[in-house]
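Trainee: next comes the sequence, and after it the predicted model I'd like to discuss.
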Amino acid sequence: MITALLVDDEPKAIERLTSLLEAFDAVDIVGTAATADDAERFLAGRSVDVVFLDVNMPGRLGIDLVGNLPPRTKVVFVTAHEDYAIQAFREGAVDYILKPVDQDRLAITIDRLDAVLEPAGSATAEEGDEAGEWGDEAGDASADTADTVTLSGKRGHSTDVVSYADIVWVEAVKNYSRVQARDRRSRLVRRTMAEWEKLLPAGAFQRVSRSLVVQLSAITSTQWQSRDQTLLFFSGVPDPLPIGRTAATRLKELLRVD
């Protein structure tokens with residue numbers, strides 16, 4: 001699964017790109033942003049595989065954001081301007097797409113992303129990722145009981161026995177997941193979202209996007225930042241979790257009282 005953040009100040013451009021990308025089963029749009037600043041806030045403390053990025057936006061150019069992205073995050077520019085193509089590729093862009101975007105051109109981009117995100121020389125993506133950078137950071141989720149899971153840091157250090165009731169959100173990170181529990185730092189662990197969904201109490205935890213599960217009762221408040229970003233605040237967790245428009249819409253549906 002390729003996780004993607006879309007950054008463009010034009011709502012119609014976001015809507016069109018979202019519609020086109022939804023045709024690709026391998027792509028999960030985890031958020032959208034209207035400015036480079038909004039994108040940085042969304043990415044604080046989390047990673048995505050690729051940012052689809054406009055060039056001309058209010059405040060800062062999209063190209064100014066590239067140097068502040070995590071090393072693992074790839075960039076695809078989607079713009080009406082040809083002038084920045086050379087600079088974009090110098091900055092390491094995977095692709096540079098001119099608007100209006102069409103499905104066939106986007107398919108080429110997805111193939112390029114598959115090629116650069118696939119671990120080289122591995123039999124499978126999961127095996128390659130285990131040996132790569134994520135594997136170096138990831139700990140384990142193990143020793144499950146009916147009520148608890150044991151979370152350990154990388155190489156087995158700093159082990160916590162955590163109640164499922166204390167987990168507030170779980171987010172997919174390629175073949176791993178990042179877990180946030182009350183009064184603890186988040187942990188990257190070797191467990192897929194499908195495995196978490198079998199363990200977490202279905203009534204309490206709900207999937208608000210393909211890559212994010214949250215405990216609804218743990219949400220203390222939500223704060224609207226822009227049409228493309230909403231902050232979720234959880235009890236026992238000091239930092240809010242930014243979510244995109246699609247996840248926010250789904251969350252509203254889940255929280256709606258008939």
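Mentor: It's in. Numbering: from 1, shown residues only.

Trainee: and this protein, what are its domains?
Mentor: Using automatic domain parsing, the domain parsing of the chain gives 2-117, 139-255.

Trainee: start to end distance for the first one?
Mentor: The distance separating the two terminal residues of domain 2-117, taken as C-alpha to C-alpha, to the nearest Å, comes to 8 Å.

Trainee: what do you get for the longest one?
Mentor: Taking C-alpha to C-alpha, domain 139-255 runs 32 Å from one end to the other.

Trainee: dump the domains of the chain to TSV, plus mean pLDDT.
Mentor: Output for the domains of the chain, formatted as TSV (pLDDT from 0 to 100):
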stretch	mean pLDDT
domain 2-117	89
domain 139-255	87
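
Trainee: where is the longest helix in this structure?
Mentor: Secondary structure of the chain per DSSP state H: the longest helix is helix 103-117.

Trainee: helices and strands around that one, which ones?
Mentor: strand 2-7, helix 11-21, strand 74-79, strand 95-98 (3 or more C-beta pairs under 8 Å, 6 or more residues apart in numbering; DSSP states H and E). Where you see a C-beta, it was placed from the backbone N, CA and C, and this is true even at glycine.

Trainee: contact partners of the third one?
Mentor: Think strand 74-79. 8, 13, 17, 49-56, 62-63, 66, 69, 84-85, 88, 91-99, 101, 109, 113, 116-117 (C-beta atoms under 8 Å, 6 or more residues apart in numbering).

Trainee: write the PyMOL selection for whichever of those residues are buried.
Mentor: Here is the PyMOL selection string for the buried members of the contacts of strand 74-79, based on 16 or more other C-beta atoms under 10 Å:
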select buried, resi 8+13+17+49+50+51+52+53+54+55+62+63+66+69+84+88+91+93+94+95+96+97+101+109+113+117
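
Trainee: quick one, the longest helix of the chain and strand 74-79 angle?
Mentor: 160 degrees (axes from the mean of the first three to the mean of the last three C-alpha atoms, to 10 degrees).

Trainee: for helix 103-117, buried residues please.
Mentor: In helix 103-117, the ones that count as buried by 16+ other C-beta under 10 Å are Leu106, Thr109, Ile110, Leu113, Leu117.

Trainee: make TSV from the residues you listed and add distance to Met193 to it.
Mentor: Output for the buried residues of helix 103-117, formatted as TSV (distance: C-beta to C-beta, whole Å):
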residue	distance to Met193
Leu106	25
Thr109	25
Ile110	21
Leu113	20
Leu117	18
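
Trainee: now, among the residues you listed, which is nearest to Val168?
Mentor: Closest approach to Val168 among those (C-beta to C-beta): Leu117, at 28.5 Å.

Trainee: now do the contacts for the closest one.
Mentor: Ile2, Asp49, Val50, Lys74.

Trainee: now those in TSV, with distance to Ala218?
Mentor: Converted to TSV, these look like this (distance: C-beta to C-beta, whole Å):
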residue	distance to Ala218
Ile2	28
Asp49	27
Val50	29
Lys74	32
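
Trainee: and the helices in the stretch 151-258 of the chain?
Mentor: 193-199, 245-255 (DSSP state H, counting those that start in this stretch).

Trainee: with mean neighbour count and distance to Ser142 as extra columns, can I get these in a markdown table?
Mentor: Below are those laid out as a markdown table (neighbours: other C-beta atoms under 10 Å; distance: least, C-beta to C-beta, whole Å):
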| stretch | mean neighbour count | distance to Ser142 |
| --- | --- | --- |
| helix 193-199 | 15 | 11 |
| helix 245-255 | 17 | 29 |
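
Trainee: all set, thanks.
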